[in-house]
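*Asks:* coords please:
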Amino acid sequence: MINIKEIADKADMIISGFAFTKSRDKIRVLNLNNTANAAVLTLDGDVLEASMPDIELTIVSDYYAQNREFMEN
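*Replies:* The predicted structure is shown next:
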């Protein structure tokens, strides 16, 4: 079972219920309200993998594009 609190605590950024976590050269995104919906993005925001509807993926991509500066070291 997924521990949502643990994922949220480790996330680098949370926007509207989506947890964004930097993992090496990728960004892992999890919908904390529906953990079946997840995505993996490149650091540039290109989608590598996704198990979420297209509209949700568009929203996540937009959130990342607008806020990725906050995830840079």
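*Asks:* So which residues make contact with stretch 32-39?
*Replies:* Residues outside stretch 32-39 that contact it (Cβ atoms under 8 Å, 6 or more residues apart in numbering): 2, 4, 7-8, 14, 17-19, 28-31, 47, 49-53, 56-57, 60. Heads up, the C-betas are built off the backbone N, CA and C, glycines and all.
*Asks:* Cross these against helices and list the overlap.
*Replies:* Those of the contacts of stretch 32-39 mapping onto helices are Ile4, Ile7, Ala8, Glu56, Leu57, Val60, per DSSP state H.
*Asks:* Can you report how many residues lie near the second one?
*Replies:* Spelled out, it's Ile7. 16 (other Cβ atoms under 10 Å).
*Asks:* Buried ones among the ones in helices among the contacts of stretch 32-39?
*Replies:* In the ones in helices among the contacts of stretch 32-39, burial by neighbour count holds for Ile7, Glu56, Leu57, Val60, counting by 16 or more other Cβ atoms under 10 Å.
*Asks:* could I get the residues you listed as JSON lines with distance to Ala38 and pLDDT?
*Replies:* What follows is those, written out as JSON lines (distance: Cβ to Cβ, whole Å; pLDDT from 0 to 100):
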{"residue": "Ile7", "distance to Ala38": "10", "pLDDT": "95"}
{"residue": "Glu56", "distance to Ala38": "10", "pLDDT": "97"}
{"residue": "Leu57", "distance to Ala38": "10", "pLDDT": "97"}
{"residue": "Val60", "distance to Ala38": "10", "pLDDT": "97"}
